[in-house]
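**Q** Sequence plus predicted model, see below.
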Amino acid sequence: NAGVMQNPRHLVRRRGQEARLRCSPVKGHSHVYWYRQLPEEGLKFMVYLQKENIIDESGMPKERFSAEFPKEGPSILRIQQVVRGDSAAYFCASSPPGTQVKQPQHFGDGTRLSIL
Amino acid sequence: GESVGLHLPTLSVQEGDNSIINCAYSNSASDYFIWYKQESGKGPQFIIDIRSNMDKRQGQRVTVLLNKTVKHLSLQIAATQPGDSAVYFCAENGSGNTGKLIFGQGTTLQVKP
């Protein structure tokens, strides 16, 4: 059983470029979450998506950041015009459908984004 | 505001001893809690969870205790092994349908042989 797959594992960009991070959830999971982690810190929630819908984007910066989870294909976290402060590890998690009983989120191994 | 915090940033234990990692949370409406283990260069790995209608839950070598009165969560690891060395995070999920997990800062567990 494949877990959450994220790619690339490492991504280097220069200031002003775009970064695209991909996440394939666990097979059968329809809920995807993105988190950001700075060194020596806990994970910070960014966005929660279900297929083709953004459910909660309260943790997303208002500018330059966007996320999608299309009907087909992986979820994408897109950062436009990257700045040094965007350097971090970005983690994706997924959980199965159904909202009656909360389920644990299962995480991928992250994308480490470095901005030169 | 919502916050989840851990009392100690680093815990050092002898191999074979029991470990206890503590966590305080501030949102009394949270109804679901999870402990994760994170090794260097990897994503958080699910250890155990507990819902607010319980005060104790046991897994293999791990026990989670929930004290809603003082908003405190703890993770107990029995017979700690070198492979348990990692950073441990508690996370809370608020009431309702929110998918948002709020993580604490993490406790580094060091196991001495």
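**A** It's in. Residues are numbered from 1 along each chain as shown, chains lettered A, B, ... in the order given.

**Q** Only C-alpha atoms from now on, for both contacts and neighbour counts.
**A** OK.

**Q** can you pull the contacts of residue 74?
**A** Let's take chain A. Neighbour list for A:Pro74: A:Arg22, A:Cys23, A:Ser24, A:Pro25 [criterion: C-alpha atoms under 8 Å, 6 or more residues apart in numbering or on different chains].

**Q** Sorry, I should have been clearer: chain B.
**A** By C-alpha under 8 Å, 6+ apart, the neighbours of B:Ser74 are B:Ile20, B:Ile21, B:Asn22, B:Cys23, B:Val64, B:Leu65, B:Leu66.

**Q** Okay, and which of those map to strands?
**A** Cross-referencing the contacts of B:Ser74 against strands under DSSP state E gives B:Ile20, B:Ile21, B:Asn22, B:Cys23, B:Val64, B:Leu65, B:Leu66.

**Q** sorry, back to before: with the contacts of B:Ser74 in mind, which one is nearest to chain A?
**A** B:Cys23 (12.9 Å; C-alpha to the nearest C-alpha).

**Q** Please convert the ones in strands among the contacts of B:Ser74 to TSV, extending it with distance to chain A, neighbour count and pLDDT.
**A** Listed next are these as TSV, based on distance: C-alpha to the nearest C-alpha, whole Å; neighbours: other C-alpha atoms under 10 Å in any protein chain shown; pLDDT from 0 to 100:
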residue	distance to chain A	neighbour count	pLDDT
B:Ile20	19	16	96
B:Ile21	15	23	96
B:Asn22	15	21	94
B:Cys23	13	23	93
B:Val64	15	24	98
B:Leu65	17	18	98
B:Leu66	17	22	97
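
**Q** Mind putting those into TSV with distance to A:Met46?
**A** Formatted as TSV, the ones in strands among the contacts of B:Ser74 follow (distance: C-alpha to C-alpha, whole Å):
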residue	distance to A:Met46
B:Ile20	30
B:Ile21	26
B:Asn22	25
B:Cys23	22
B:Val64	27
B:Leu65	28
B:Leu66	27
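
**Q** Tell me, how many residues neighbour the closest residue to chain B within chain A?
**A** Closest to chain B within chain A is A:Asp109: 4.1 Å, counting by C-alpha to the nearest C-alpha. Using other C-alpha atoms under 10 Å in any protein chain shown, A:Asp109 is surrounded by 23 other residues.

**Q** residues in contact with it?
**A** A:Val4, A:Met5, A:Gln6, A:Arg9, A:Phe91, B:Gly41, B:Lys42, B:Gly43, B:Pro44.

**Q** Return the distance of it relative to B:Ser40.
**A** 10 Å (C-alpha to C-alpha, to the nearest Å).

**Q** for B:Ile48, same thing?
**A** Noted for B:Ile48: a distance of 20 Å to B:Ser40, by C-alpha to C-alpha.

**Q** who's more crowded, these two?
**A** B:Ile48 (20 against 9).

**Q** how much space between that one and B:Met54?
**A** Taking C-alpha to C-alpha as the measure, B:Ile48 falls 13 Å from B:Met54.

**Q** Do the strand or helix carrying B:Phe33 and chain A come into contact?
**A** For B:Phe33, the host element (DSSP states H and E) is strand B:32-38. Yes: using C-alpha under 8 Å from any C-alpha of the partner chain, we find that strand B:32-38 touches chain A at B:Tyr32, B:Ile34.

**Q** The residue nearest the centre of chain A - nearest residue in space that isn't next to it in sequence?
**A** For chain A, A:Trp34 is the residue whose C-alpha lies nearest the centre (C-alpha atoms, centre = their mean; 3.3 Å). Leaving aside its sequence neighbours, A:Trp34 sits nearest to A:Cys92 (C-alpha to C-alpha, 6 or more residues apart in numbering or on different chains; 4.6 Å).
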